[in-house]
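Trainee: Here is a sequence with its predicted model. Questions after.
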Amino acid sequence: MIASASVLAITGLYAGLGRAAFDAYDLHPVSRHLAAMQQAGQPIAHSGKYHGQYQFVGRLARPLDVVAGRQPMLDWAAAHPVGGVVLYSDAPLVHEAGLRPEFEQRFKGRWVSIWRAADLPGISDGWYRPPRDRD
């Protein structure tokens with residue numbers, strides 16, 4: 001009886017909390033969007049460190065351009081206006097002209113969003129955090 005109750009409790013915990021945790025770590029939606037962008041020939045820049053998390057899941061043909069720093073990212077966006085930029089933030093980003101990201105989802109307690117590079121200058125500054133020692 002105790003063993004059955006334990007199995008039932010663990011199964012219930014897995015079904016309830018596990019699904020919410022899996023959604024927070026699901027890379028498939030953002031990876032599919034990045035793959036579609038690459039197939040359309042768009043260059044893509046990733047803000048800050050990139051650990052290759054989208055490569056395998058999205059079957060990306062090329063690595064993303066890793067750009068560290070606010071001004072280098074703005075320079076990259078100016079040089080690739082039809083490209084896309086992958087940004088991370090603690091809250092959803094807003095654009096001064098009311099534009100929306102091409103893609104946005106929660107990921108590991110933060111937001112990951114993909115914006116058109118041409119829109120980057122008008123996005124709120126929540127996307128850039130100076131590097132920390134543990135990043």
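Mentor: Cool, got the structure. Note that the structure is a prediction, hence the values are computed from the model and not measured.

Trainee: how about low-confidence regions in this structure?
Mentor: 12-24, 130-135 (pLDDT under 70).

Trainee: And the strands in this structure?
Mentor: For the chain, the strands defined by DSSP state E occupy 44-47, 65-67, 84-89, 103-107, 110-116.

Trainee: Can you check which of those strands gets nearest to residue 4?
Mentor: Among the strands of the chain, the nearest to residue 4 by Cβ to Cβ is strand 103-107 (35.5 Å). C-beta coordinates here come from the backbone N, C-alpha and C atoms, glycine included.

Trainee: and the angle from that closest one to strand 110-116?
Mentor: Put simply, strand 103-107 runs at 160 degrees to strand 110-116, going by axes from the mean of the first three to the mean of the last three Cα atoms, to 10 degrees.

Trainee: Run through who's touching strand 103-107.
Mentor: 23-25, 27, 29-30, 33, 88, 92, 111-114 (Cβ atoms under 8 Å, 6 or more residues apart in numbering).

Trainee: 7 Å - rerun?
Mentor: Identification of contacts with strand 103-107 by Cβ atoms under 7 Å, 6 or more residues apart in numbering yields 24, 29-30, 33, 92, 111-114.

Trainee: where exactly do the helices run in this structure?
Mentor: 2-13, 19-24, 28-39, 55-58, 70-79 (DSSP state H).

Trainee: Need these in JSON lines (columns: distance to residue 120 and mean neighbour count).
Mentor: JSON lines is the format used below for the helices of the chain (distance: least, Cβ to Cβ, whole Å; neighbours: other Cβ atoms under 10 Å):
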{"stretch": "helix 2-13", "distance to residue 120": "42", "mean neighbour count": "9"}
{"stretch": "helix 19-24", "distance to residue 120": "26", "mean neighbour count": "10"}
{"stretch": "helix 28-39", "distance to residue 120": "15", "mean neighbour count": "17"}
{"stretch": "helix 55-58", "distance to residue 120": "22", "mean neighbour count": "16"}
{"stretch": "helix 70-79", "distance to residue 120": "4", "mean neighbour count": "15"}
